[in-house]
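A.B. asks: can you look at this prediction? I've put the sequence above it.
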Amino acid sequence: MIKLYSLKKTENIIKEMEPAIHKASEDYHVPEAFIKAILYREIKDIDLLDAGVDMIVKSRFLSRLFHRHDSSTGYGQIYGFVAVNALNFALENQLVTKAQLGLPEDRTFSSKDPEDVRFIWLKLHKDREFNLKLSVLNMVSGASETVGRTDFSTFSAEEYKLAFSRYNANVKKITAYGEEVYGYYMIYKEA
């Protein structure tokens, strides 16, 4: 499939995002190298199919026609339902407020409600900063789920790989994705 971003463009996007990445790192206590490693892996693999599926999901008519109501979107390549789950984890653990994310205070979100998923997906698709924040919150919730804690400074190499693997799939084992992203993490950590 035809990739939308070259490796050089991917690196430039991450450089442009550094202030937002730094803020998310400080706000959610996730190492910048961890965030950059996942973003690098996700951005470099965005292709024409991703853009096409996003167009389908964005259009109510096409999403009904093709029975496609969610997709991975934005630089974090995060699904709406995954973002809702990460949001609810963050709210329950008082990591963030709805106001901080620009969400209505009087609305609750369920990953089982198609309208909630669509609402969040549209915001993920249109708002890069929101996409980054929810992607990072998904990193935190995934680490909590797989490693059992979110103090990244105490993670072993294997625990990092588990957390990276969980970002990409709902698994509790190290995958090829986790191994690959760990390599990027080590590069960013040394930079």
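C.D. replies: Sure, I can see it.

A.B. asks: show the contacting residues for residue 122.
C.D. replies: residue 58 (C-beta atoms under 8 Å, 6 or more residues apart in numbering). Every C-beta, even on glycine, is put in place using the N, C-alpha and C of the backbone.

A.B. asks: separation between it and residue 182?
C.D. replies: Applying C-beta to C-beta, to the nearest Å, the value for residue 122 to residue 182 is 32 Å.

A.B. asks: what does residue 113 give?
C.D. replies: Taking C-beta to C-beta, one finds residue 113 at 35 Å from residue 182.

A.B. asks: quick one, which of the two is more surrounded?
C.D. replies: Taking neighbours as other C-beta atoms under 10 Å, residue 113 and residue 182 compare with residue 182 leading, 21 against 13.

A.B. asks: which ones are touching the more buried one?
C.D. replies: Going by C-beta under 8 Å, 6+ apart, the list of residues near residue 182 reads 37, 157, 160, 161, 164.

A.B. asks: confirm that the first one sits in a helix.
C.D. replies: Yes - with the criterion set as DSSP: H, G, I helix; E, B strand; the rest coil, the secondary structure at residue 37 is a helix.

A.B. asks: quick check: pLDDT value at residue 22.
C.D. replies: Listed pLDDT for residue 22 reads 98.

A.B. asks: give me the element it is part of.
C.D. replies: Applying DSSP states H and E as the criterion places residue 22 in helix 7-28.

A.B. asks: count of neighbours near residue 55?
C.D. replies: Residue 55, neighbours per other C-beta under 10 Å, totals 12.

A.B. asks: host element of the one residue sitting closest to the centre of the chain?
C.D. replies: Closest residue to the average C-alpha location of the chain: residue 135 at 2.5 Å, with C-alpha atoms, centre = their mean. Secondary structure assigned from DSSP H and E places residue 135 in helix 128-147.

A.B. asks: who are the packing partners of that helix?
C.D. replies: Contacts defined by 3 or more C-beta pairs under 8 Å, 6 or more residues apart in numbering; DSSP states H and E place helix 128-147 against helix 7-28, helix 32-44, helix 80-92, helix 114-126, helix 157-168.

A.B. asks: helices and strands of this structure: which one has the lowest mean pLDDT?
C.D. replies: Of all helical and strand segments in the chain, the minimum by mean pLDDT, DSSP states H and E falls on helix 60-66, at a mean of 90.

A.B. asks: Provide the contact partners of it at residue level.
C.D. replies: Contacts of helix 60-66 (C-beta under 8 Å, 6+ apart): 55, 56, 57, 68, 69.

A.B. asks: run a quick neighbour tally on the closest residue to the first one other than its chain neighbours.
C.D. replies: It refers to residue 55. Computed as C-beta to C-beta, 6 or more residues apart in numbering, the closest residue to residue 55 that is not its neighbour in sequence is residue 62, at 7.0 Å. Residue 62: 14 surrounding residues under other C-beta under 10 Å.
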